[in-house]
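Student: The following comprises the amino acid sequence and a computationally predicted model.
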Number of protein chains: 6
Amino acid sequence: MTVRDRIMIAHSLAGDEFGPAQRLHGATYVVEAGFRGEALDDAGVLVDIGKAASELRTVLADLDYRNLDESPAFAGRNSTTEVIAQVVGDALADRVRAGALGTGIASLVVTLRESDVAWVSYEAVP
Amino acid sequence: MTVRDRIMIAHSLAGDEFGPAQRLHGATYVVEAGFRGEALDDAGVLVDIGKAASELRTVLADLDYRNLDESPAFAGRNSTTEVIAQVVGDALADRVRAGALGTGIASLVVTLRESDVAWVSYEAVP
Amino acid sequence: MTVRDRIMIAHSLAGDEFGPAQRLHGATYVVEAGFRGEALDDAGVLVDIGKAASELRTVLADLDYRNLDESPAFAGRNSTTEVIAQVVGDALADRVRAGALGTGIASLVVTLRESDVAWVSYEAVP
Amino acid sequence: MTVRDRIMIAHSLAGDEFGPAQRLHGATYVVEAGFRGEALDDAGVLVDIGKAASELRTVLADLDYRNLDESPAFAGRNSTTEVIAQVVGDALADRVRAGALGTGIASLVVTLRESDVAWVSYEAVP
Amino acid sequence: MTVRDRIMIAHSLAGDEFGPAQRLHGATYVVEAGFRGEALDDAGVLVDIGKAASELRTVLADLDYRNLDESPAFAGRNSTTEVIAQVVGDALADRVRAGALGTGIASLVVTLRESDVAWVSYEAVP
Amino acid sequence: MTVRDRIMIAHSLAGDEFGPAQRLHGATYVVEAGFRGEALDDAGVLVDIGKAASELRTVLADLDYRNLDESPAFAGRNSTTEVIAQVVGDALADRVRAGALGTGIASLVVTLRESDVAWVSYEAVP
């Protein structure tokens, strides 16, 4: 089961290989959080869709409308799309591990779409 | 005839009504430039698609991977999606007026998609 | 400026020409509300995007998760996609006329996407 | 190889956790059926695309333009998106097992998109 | 009201300005036919969606799975996306004029999407 | 990490099962190349996005704006979407094996979208 949300952030990336992306710029990330499991509960769902969307929003709220260059979560490393996907995926996995989304989730995949032509996915196991 | 490109920018918006968007953040804008005319040329096109894409890229290059808070184009005003659309549309109209895309274009429409759920269009007459 | 939301409704359509759609069935409508105007305000926007999304949600809330066959808004007529678009568009135009979205809106267009291969647009002048 | 089709259904969901979705409402499901295999046949395909689309249509026809609350396939259980995906996926797997789509299919994945922001996938092994 | 269909064609384009597109190549065109009118009929529709889709299919069938370099419809001119849009739009307008889609249609717009980053629209008045 | 590009080709498919696709026709393929790996490098990326897009373009350039019936890559076999995906995927895997995209890529998936309703994916291990 997958839900979609979005964030708008500023950041810059250190390293010559990033070319113009070394300058301060930004991105809209359309974020898709997909939850996987083996079986449905008695109500016929893997996870409550409202709760899933709400947990995703909670995780994204720490990043939304922020300059990631100043965010502790990315201190000492580049906030590339890959790294943000990892931060979001690990944070969601933590929430799942803490029981926020029931017991049916075996793994989750977070996809960050940075434009119509580029995106990154990251898989986490709670 | 419409072509699509994209930019990634940082900016902040002044005014309480912008809430968290007052903070420095950013956006990916998927940009669609549509050209309208009454008739096709002898080759069967309204405008050369390669030239149209190239003119759009030239206009967008001034904004791409930049912090618009420091851009002279937005000095003294907010770089809202509406305003950026206007800047891009007027710049494209200037290029058309200068003859960069032939003589068949009567008007153009620039659309900036800031996410999967919000976008802005602006119409300009060269 | 256009914002997107969505509703999920049940309904049936009276008339042999509707074939199997005469049976009780349903639809997800992805709803896009586009607002048009001649000029931006001092903040650089045509309309506050938060308020626009909120007004659209208010209008859609009357339809969302409902069986339109039992809705007074469609008494005596079919709740076709065209008619729902009209109901949503007219309700939004009423809100605009009442001042809920400032004074810059000259017209609005509501699009209801009933699937990936069919949609309806309706233009209203507040 | 993946093909896309769509259905429009009515249903209601039992259980307080479904909130307003407990009311009779409906959905458009954009349905994607993906077939996986190890090797292509002599013609260079995994499965005949026309037959794949036709089998998917056959399976969906039992659900299309119907009130799933009255469908025997969902008697005694909620017709959540997850459960419908399972019903469609298992029915397609049955058709594959019966030989309707050749011998090259190792597994299949059915995705039901209930809106632009939520979808469910289900994997079945014929 | 807009419906979507698609065709797959081969063609080549004469003229140095087309660069590599002078070679025989091809395209998938996702075709959207939009019908506009002032008022709905008693059933609540502008045009019967089934008939609209069927008329579009009839018009597209003449082009689908063909090499347009050999099609009489494009003899002596390039089958650019613009020209194909015109051919499809004019053919649809002919059908409307002949009464195939009722009396409510004031104009129609045909859009041909040749890829995710380029498309053409053409407006015809029946 | 996935990047998107596109090609426009002509071809015909041999075999009665292909029906009208036995005629010379064509397709736009929107091509997505996804690269998978276990860990990010010190810069925080799996693979340089610019290089990935460039390698994909290099591989696609051999096919773009061509009649695949005359291409040596498809001599003696049908250039079905499945086969083209395999050709593109294997060529990309060769480039990865040759070190063009660093050492972090464990596998890659190539998706060719032939229309809005049909696509093919192929997985290759460098």
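Tutor: Perfect, I can see it now.

Student: Show me which positions of the longest strand seen in chain A end up buried.
Tutor: Residue-count comparison of every strand in chain A, with assignments taken from DSSP state E, identifies strand A:25-36 as the longest. Applying a neighbour-count criterion of 16 or more other CB atoms under 10 Å in any protein chain shown, the buried positions in strand A:25-36 are A:H25, A:G26, A:A27, A:T28, A:Y29, A:V30, A:V31, A:E32, A:A33, A:G34, A:F35, A:R36. Placement of C-beta: from N, CA and C, glycine included.

Student: ok, now how distant is the second one from F:A98?
Tutor: What it means is A:G26. Counting by CB to CB, to the nearest Å, the separation of A:G26 from F:A98 is 35 Å.

Student: ok, how many other residues are close to whichever residue of chain A sits closest to chain D?
Tutor: When distances are taken as CB to the nearest CB, chain A reaches nearest to chain D at A:G44, 3.8 Å away. For A:G44, the neighbour count with other CB atoms under 10 Å in any protein chain shown is 20.

Student: do the one 5 residues further on as well
Tutor: By other CB under 10 Å, 23 other residues sit near A:I49.

Student: quick one: it and A:A33 touch, right?
Tutor: No: with contact defined as CB atoms under 8 Å, A:I49 does not reach A:A33; the gap is 11.0 Å.

Student: Please tell me how far A:G50 sits from D:E17.
Tutor: From A:G50 over to D:E17 the distance is 8 Å, taken as CB to CB.

Student: Overlap of the contact sets of those two?
Tutor: Overlap between the contact sets of A:G50 and D:E17, as judged by CB atoms under 8 Å, 6 or more residues apart in numbering or on different chains, is nil.

Student: is it true that the residue of chain A closest to chain D touches D:I84?
Tutor: No: checked against CB under 8 Å, the pair A:G44 and D:I84 is beyond contact range at 9.3 Å.

Student: For the nearest residue to A:N78 once chain neighbours are set aside, which three-state class applies?
Tutor: With CB to CB, 6 or more residues apart in numbering or on different chains as the measure, F:G44 is the residue that lies nearest to A:N78, at 3.8 Å, once sequence neighbours are left out. Of the three states, F:G44 takes coil according to DSSP: H, G, I helix; E, B strand; the rest coil.

Student: and chain A, which residues reach chain D?
Tutor: A:1-5, A:34, A:40, A:43-46, A:48-50, A:53 (CB under 8 Å from any CB of the partner chain).

Student: Would you write a PyMOL line that selects the buried entries of those?
Tutor: Only the buried members of the residues of chain A next to chain D end up in this PyMOL selection, burial being decided by 16+ other CB under 10 Å:
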select buried, chain A and resi 1+2+3+4+5+34+40+43+44+45+46+48+49+53
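
Student: quick check, nearest of the residues of chain A next to chain D to A:A106?
Tutor: Within the residues of chain A next to chain D, proximity to A:A106 (CB to CB) peaks at A:L46, which comes in at 9.5 Å.

Student: For chain A, what lies in contact range of chain B?
Tutor: Within reach of chain B by CB under 8 Å from any CB, chain A has these residues: A:4, A:6, A:8-11, A:20-21, A:23-30, A:64-67, A:114-117.

Student: Disregarding residues adjacent in the polypeptide, which is nearest to the residue in chain A positioned nearest to chain B?
Tutor: Nearest residue of chain A to chain B (CB to the nearest CB) works out as A:G26 at 1.0 Å. In space, A:G26 comes closest to B:G26 once its chain neighbours are excluded; the distance is 1.0 Å by CB to CB, 6+ apart.

Student: helix, strand or coil for A:K51?
Tutor: Taking three-state DSSP, the label given to A:K51 is helix.

Student: just for chain A, where's the confidence low?
Tutor: Per-residue confidence for chain A (pLDDT under 70) gives no ranges below the cut-off.

Student: Would you tell me which helix is longest in it?
Tutor: With DSSP state H setting the assignment, residue counts place helix A:81-97 as the longest helix in chain A.

Student: And A:V47, how far from chain E?
Tutor: Taking CB to the nearest CB, to the nearest Å as the measure, A:V47 and chain E are separated by 32 Å.

Student: what's the answer for A:V110, then?
Tutor: Note on A:V110: its distance to chain E, by CB to the nearest CB, is 23 Å.

Student: How about the residue positioned nearest the centre of chain A: what's its closest non-neighbour residue?
Tutor: If you average the C-alpha coordinates of chain A and look for the closest C-alpha using CA atoms, centre = their mean, you land on A:V88, 3.3 Å from that point. Computed as CB to CB, 6+ apart, the closest residue to A:V88 that is not its neighbour in sequence is A:V110, at 5.0 Å.

Student: so how many other residues sit close to the residue nearest to A:L101 when sequence neighbours are not counted?
Tutor: In space, not counting the residues next to it along the chain, A:L101 is nearest to A:V47; the distance is 4.9 Å by CB to CB, 6+ apart. Summarising burial for A:V47: neighbours were counted as other CB under 10 Å, giving 24.

Student: OK, contacts around A:V47?
Tutor: With contacts taken as CB under 8 Å, 6+ apart, A:V47 has the following neighbours: A:M1, A:F35, A:G37, A:L101, A:G102, A:G104, A:I105.

Student: at 7 Å instead, please
Tutor: A:V47 makes contact with A:M1, A:F35, A:L101, A:G102, A:G104, A:I105, according to CB atoms under 7 Å, 6 or more residues apart in numbering or on different chains.

Student: For it, give me the backbone phi and psi.
Tutor: Recorded main-chain torsions at A:V47 are phi -160, psi 140, according to degrees, to the nearest 10.

Student: Repeat that for A:A118.
Tutor: Backbone phi and psi, for A:A118 under degrees, to the nearest 10, turn out to be phi -160, psi 140.

Student: hang on, isn't it packed against F:V3?
Tutor: Yes: contact between A:A118 and F:V3 holds when scored by CB atoms under 7 Å: they sit 5.4 Å apart.

Student: Please report the distance of A:D64 from A:A27.
Tutor: In this view, A:D64 and A:A27 are 12 Å apart by CB to CB.

Student: Quick check on A:H11: phi, psi?
Tutor: Phi and psi for A:H11, reported as degrees, to the nearest 10, are phi -170, psi 170.

Student: Identify the residue nearest it in space, chain neighbours excluded?
Tutor: Looking at A:H11 with CB to CB, 6+ apart, the closest residue is A:L68, at 4.0 Å.

Student: Let me see the contact set for the one you found.
Tutor: Taking CB under 7 Å, 6+ apart, we find A:L68 in contact with A:I9, A:A10, A:H11, A:F74, A:S79.

Student: count of residues packed around the fourth one?
Tutor: Other residues within reach of A:F74 by the criterion other CB under 10 Å amount to 18.

Student: Excluding sequence neighbours, find me the nearest residue to it.
Tutor: For A:F74, the nearest residue in space outside its immediate sequence neighbours is A:L68; the separation is 5.2 Å by CB to CB, 6+ apart.
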